[in-house]
Structures are given as structure tokens and as C-alpha cells.
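**Q** Provided below are the primary sequence and the corresponding predicted coordinates.
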Amino acid sequence: MQTPLDHTGDLLWNYVGPRWVDTPAVYGPAWTSLSAVMSRFLPYPADHVEAYRYLAIATSLATCAVIVWTVRRLWPERTAFALLAFGANPVIVFHSVASGHNDLLVALAIAGAFALVVADHRFAAIALLTLGALVKATAVLPLVLLIVWCIGREPRGRRRRTALAAVGLPAAIGLVFALPYVQLHDPTLGMLELAGHEGWLAPASVLARGFDALTFHTLGWVFRLAAAVLLLGCLGMLGRELWRRAAAGTMTTRELGAAWGWALVLLTLLGPVLLPWYVVWAMPLVWVLPRVPRVALIGTGALLGVTLWSAEALRYPGGFALNVAIGDWLVVPVLIWFVLIVVLDLRSRIRLGSLFEDRPPAEPASSSRDQPGDEQRVAGPARDDAREHGDGATLEVGSEPL
């Protein structure tokens with residue numbers, strides 16, 4: 001796999017940062033193919049910048065349209081909140097759209113796949129999420145949860161056939177896109193390289209570097225390992241609860257979206273790299289998340305919106321130093337607090353059996369059974385939608401999204 005070092009004669013070589021000169025591409029083969037096609041028709045670097053920005057604008061507008069379509073069918077009272085949380089979010093408008101990041105394609109794939117599930121097109125949703133994962137690996141999490149849900153909701157006798165179809169479809173799509181790039185030097189197509197990246201704002205990386213400094217660079221790996229184990233453990237509990245409810249026929253379509261949102265919020269906060277445009281992944285589902293992860297996601301986006309406004313350490317040293325100080329002393333401590341409250345909320349909700357419901361986890365699940373609007377849940381997207389249309393207005397947070 002080629003790196004910038006293989007193109008030192010290119011005009012843009014002088015603009016490549018020292019950290020990236022020997023770094024292979026860490027994006028999926030679908031994005032690599034798309035960018036390769038665009039480069040054939042765009043001769044000048046300025047044309048590339050404009051093309052990616054126009055693509056980001058079109059993608060963000062399409063995501064807004066899909067969000068509105070979905071929320072109107074599942075929770076009409078939250079339509080305005082869902083649209084504003086994504087479409088008018090400064091971290092999306094300025095850090096993502098204006099910068100032309102491909103994370104918006106991932107957001108569109110997630111929003112579109114959820115809309116397809118609402119319309120009862122499960123395998124089309126699997127295909128769309130697969131395309132999103134082939135742009136950036138982030139979409140693998142909702143894809144896996146969707147496959148688990150599709151298999152678990154089937155009768156026992158049909159699960160094997162459903163599993164073969166649900167797993168075989170993304171495998172076939174992935175093979176088609178990855179085949180032109182398969183080679184022995186890096187068979188993971190950049191994923192192994194990506195696993196070794198660290199960011200200066202990610203809570204796990206900050207704690208690991210701090211512990212490294214205190215232990216003379218010997219025990220920082222403990223925090224890195226602990227964060228990875230915590231993330232995998234939380235995702236495992238999430239998947240187990242999703243399977244249990246899907247098999248029992250008690251999981252609604254709206255709760256499936258909440259499960260996707262939970263997984264993406266956990267990845268954002270516990271991953272080794274955290275950049276402003278990473279909140280784009282979960283933001284199309286913010287309206288369906290329970291209060292604590294919803295507030296953490298919106299708060300993370302707001303904090304990251306005041307970071308990386310100066311990335312030129314040599315050209316603007318004063319502004320860059322201020323940017324780093326704001327990140328170290330303001331943003332990172334709050335992000336660590338977000339990690340704590342999200343993990344504790346997840347633990348409480350699993351213990352109380354209210355992992356996806358939008359109500360306080362301190363309230364026992366049994367105490368609210370007689371409240372208005374808490375109908376018995378049934379399986380199937382069509383019946384989910386009918387129920388969800390009726391109970392959206394009775395939720396305490398229906399008129400107060402935050």
C-alpha cells in the first residue's frame with residue numbers, strides 16, 4: 001500500500017505533515033475508489049477541495065431529509081430537535097461540512113439504514129451500512145447490531161438461514177470493493193495502522209499519556225488496555241441486551257436506533273482518537289438516545305467545536321498554544337466526566353432493564369407499567385411504528401429533548 005513517501009515529487013508533498021509522510025490510507029475501499037474517480041476529473045488541488053466540500057454539503061442535506069422522514073414516523077414531537085441537532089450544529093456545519101470530511105457519508109449511511117429498517121427493508125439497510133463501513137470502519141458497529149437484531153427476532157428454525165443471508169450480504173459487498181486493493185503487505189487495508197493511532201483529546205489517550213509520564217513511560221499501556229476492555233465490555237453488554245429483547249419480541253424499532261446510538265457514543269468517548277467531526281457518526285440518532293448519552297453527545301460536540309480552530313503550530317504558534325491549552329484544561333476534563341456518567345448510566349440501565357427507554361434509570365421498570373402511554377411492546381417494524389406514534393407525547397422528555 002502506498003504512502004506519501006511514494007509521491008515526493010507531487011506538488012502537494014510540501015504540505016504533508018511529518019507525522020503522515022509514511023502513513024497508508026486508513027479509509028475503506030469504497031472511499032478510496034470514490035476519491036480515485038474524482039481525482040481523474042479534477043486536475044487541480046483547489047478543485048479537489050471544492051469537490052469534497054460540495055459532496056459534504058449534499059450529503060449533509062440528504063441526511064437532514066432522511067432524519068426528518070424517520071423522526072416524523074417514530075417520534076413526531078422530536079422532529080424539530082432532531083433536525084436542529086444535526087443540521088444547525090456548528091461542529092457539523094463548520095468542522096465537518098466546511099472541511100469536506102467523509103464522516104458525513106457515514107452519517108448518511110447510518111441515518112438511511114435506520115430509515116430503511118423503519119420501512120421494513122432490513123437487508124437493504126444491511127447493504128447501506130456495509131457501504132458506510134467501506135467508507136469508514138465506524139459503521140461496523142451499527143451493522144453488527146443490525147445483524148444481531150435481524151437474526152434474534154427470527155424463530156429458532158429460521159435463524160441459521162437468516163444469519164447466512166445477513167452475514168453473506170455484507171461479506172459479498174465488501175469483497176467486491178476490497179478486491180482491487182488486496183495485497184500481502186497490508187491485508188487489513190489500513191485497519192492495523194488505524195488501531196495504532198492516538199489523539200490528544202481522547203480521554204483514554206490523555207489518561208494513558210499522563211500515567212506514562214508518572215511511571216517514566218512504563219505503565220501507560222494499562223490505561224490503553226483498560227479503555228479497550230471497557231469499550232468491548234460495554235458493547236458486549238449492549239449486544240447481549242439487544243439479542244435478548246429481539247428474541248423475546250419486545251424490542252421496538254426506536255430502541256434499535258437507540259442501541260446504535262449507544263454504541264457510537266461509547267466508541268466516540270472511549271476510542272483512542274477523538275476529533276470534532278467524530279460526533280457526526282451518532283448525531284443522526286441523538287433524538288432517540290436516552291438523556292445521559294444524549295447530553296454527553298451534544299456536550300462533546302459543543303466542546304470539540306472550540307478545538308482545532310488553529311492547526312498551524314509553526315505559522316500561528318500563539319493561536320495553536322491557546323488551542324492546546326483550552327483542550328487540555330477545559331475540554332479533556334469534561335470529556336472524562338462524560339465517560340464516567342455514560343458508563344455509569346449504562347450500568348444502571350442494564351441492572352434495571354431500561355437500557356433503551358427514555359426515562360431515568362433510577363426509576364424501576366416495574367413502577368412505570370401503569371403509567372399512560374407505556375403499552376406492551378411487540379415485535380415487527382409496522383407495529384412498532386403504530387405504538388411509537390402513540391406514546392411519544394406521553395414521555396416526560398417529549399417536549400424537552402435535553
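**A** Done, it's in. Numbers count the residues shown, from 1 in each chain.
**Q** use CA for all of it now, contacts and neighbours both
**A** Fine.
**Q** where in the stretch 51-200 of the chain is pLDDT low?
**A** 186-196 (pLDDT under 70).
**Q** hmm, 80 instead?
**A** Within the stretch 51-200 of the chain, the ranges that satisfy pLDDT under 80 run 183-200.
**Q** which residues in it form helices?
**A** With helices called from DSSP state H, counting those that start in this stretch, the stretch 51-200 of the chain shows them at 79-87, 90-92, 103-118, 122-133, 140-152, 159-178, 191-195.
**Q** residues contacting A163?
**A** I147, I151 (C-alpha atoms under 8 Å, 6 or more residues apart in numbering).
**Q** Against S348, how distant is it?
**A** To S348, A163 is 31 Å away according to C-alpha to C-alpha, to the nearest Å.
**Q** what packs against the host helix or strand of L269?
**A** Using DSSP states H and E, L269 maps to helix 253-270. Other helices and strands packing on helix 253-270, by 3 or more C-alpha pairs under 8 Å, 6 or more residues apart in numbering; DSSP states H and E, are helix 103-118, helix 140-152, helix 203-214, helix 220-248, helix 291-304, helix 332-352, helix 381-391.
**Q** Would you convert the ones you listed into TSV that also reports distance to T130 and mean neighbour count?
**A** As requested, the helices and strands packed on helix 253-270 are exported to TSV (distance: least, C-alpha to C-alpha, whole Å; neighbours: other C-alpha atoms under 10 Å):
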stretch	distance to T130	mean neighbour count
helix 103-118	8	26
helix 140-152	7	22
helix 203-214	28	20
helix 220-248	18	17
helix 291-304	24	21
helix 332-352	27	18
helix 381-391	21	17
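**Q** where among these is the average confidence lowest?
**A** Of all those, the minimum mean pLDDT falls on helix 381-391 (a mean of 42).
**Q** Next up, phi/psi of G100, please.
**A** The phi and psi values for G100, taken as degrees, to the nearest 10, are phi 70, psi 40.
**Q** was I right about it contacting H48?
**A** No. At 9.9 Å, G100 and H48 do not qualify as touching, with contact defined as C-alpha atoms under 8 Å.
**Q** which of those two has more neighbours?
**A** More crowded of G100 and H48, by other C-alpha atoms under 10 Å: G100, with 21 against 17.
**Q** can you pull the contacts of the closest residue to the more buried one other than its chain neighbours?
**A** Excluding the flanking residues, the one nearest G100 by C-alpha to C-alpha, 6 or more residues apart in numbering is R53, at 4.3 Å. When contacts are counted by C-alpha under 8 Å, 6+ apart, R53 is found next to V97, A98, S99, G100, H101.
**Q** returning to that earlier point: quick check: mean pLDDT of the helix holding L269?
**A** 95.
**Q** For that helix, buried residues please.
**A** 253-270 (16 or more other C-alpha atoms under 10 Å).
**Q** before we move on, the earlier item: which two in the contacts of R53 are spaced the farthest apart?
**A** A98 and H101 (8.1 Å; C-alpha to C-alpha).
**Q** Can you pull the residues that touch both of those two?
**A** Counting by C-alpha under 8 Å, 6+ apart, the shared contacts of A98 and H101 are R53, A56.
**Q** Tell me how far V306 lies from L330.
**A** On the measure of C-alpha to C-alpha, V306 and L330 end up 10 Å apart.
**Q** in stretch 122-135, what's buried?
**A** For stretch 122-135, burial by neighbour count (16+ other C-alpha under 10 Å) applies to 122-123, 125-135.
**Q** how far out from the middle of the chain is that stretch?
**A** Relative to the chain's own centre, stretch 122-135 is displaced by 14 Å; criterion: C-alpha atoms, centre = their mean, to the nearest Å.
**Q** Residues contacting it, please?
**A** Contacts of stretch 122-135 (C-alpha under 8 Å, 6+ apart): 27-32, 102, 105-106, 109-110, 112-114, 116-117, 139-140, 142-143, 146-147, 150, 166, 169-170, 173-174, 177.
**Q** rerun at 6 Å
**A** G28, P29, A30, W31, V106, A109, A113, L116, A139, V140, L143, P170 (C-alpha atoms under 6 Å, 6 or more residues apart in numbering).
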